[in-house]
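Asker: What follows is a predicted structure for the sequence shown.
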Amino acid sequence: MREWLIESRGNETQSAIAKKLGVDRSTVAKAEKGGRVSVQLAQRWAALISVDWTLFFDEKGELKSPKRKRKATPAA
């Protein structure tokens, strides 16, 4: 699941985002659930929400933010 993608649309509906991107609402829904998107769609969508388009192809599909801190693992 791409929580960052869902959060990025704020109060807009999947249909509104789909219209801006020129795709079906189902494409937006699938992408938010982690489904594949084309490079072209990733580039358009990334420009719309101001993120790097390669984020859509991250293995985990997670936004890596400098605001997030990793938990320290205790030394053995």
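Answerer: Happy to help now that I have it.
Asker: Where does the residue nearest to the spatial centre of the chain sit: helix, strand or coil?
Answerer: What sits nearest the mean C-alpha location of the chain, by Cα atoms, centre = their mean, is residue 5, with 3.3 Å. Recorded secondary structure, residue 5: helix (DSSP: H, G, I helix; E, B strand; the rest coil).
Asker: How about it, nearest residue that isn't a chain neighbour?
Answerer: residue 32 (5.2 Å; Cβ to Cβ, 6 or more residues apart in numbering). No exception for glycine: its C-beta is placed from N, CA and C like everyone else's.
Asker: Enumerate every residue touching that neighbour.
Answerer: Shown in contact with residue 32 (Cβ atoms under 8 Å, 6 or more residues apart in numbering): 1-2, 5-6, 14.
Asker: show me where the protein has helices.
Answerer: Along the chain, counting by DSSP state H, helices occupy 3-8, 14-21, 25-32, 39-49.
Asker: Looks like the residue nearest to the centre of the chain contacts residue 33 (just checking).
Answerer: No: at 9.4 Å, residue 5 does not count as touching residue 33 under the criterion of Cβ atoms under 8 Å.
Asker: Low-confidence stretches in the protein?
Answerer: Low-confidence segments of the chain, defined by pLDDT under 70: 59-76.
Asker: Can you name the residues that contact residue 15?
Answerer: Residue 15 sits next to 25, 28 when contact means Cβ under 8 Å, 6+ apart.
Asker: Check residue 31 too.
Answerer: 2, 5, 37, 41, 45, 56.
Asker: Grab the two from the residues you listed that are most spread out in space.
Answerer: Distance extremes for the contacts of residue 31: the farthest pair is 2 and 41 at 13.3 Å, using Cβ to Cβ.
Asker: For the residue lying closest to residue 22 once chain neighbours are set aside, the count of nearby residues, please.
Answerer: Distances taken as Cβ to Cβ, 6+ apart place residue 44 nearest to residue 22, at 7.8 Å, with adjacent residues excluded. Residue 44 sits with 16 neighbouring residues when counted by other Cβ atoms under 10 Å.
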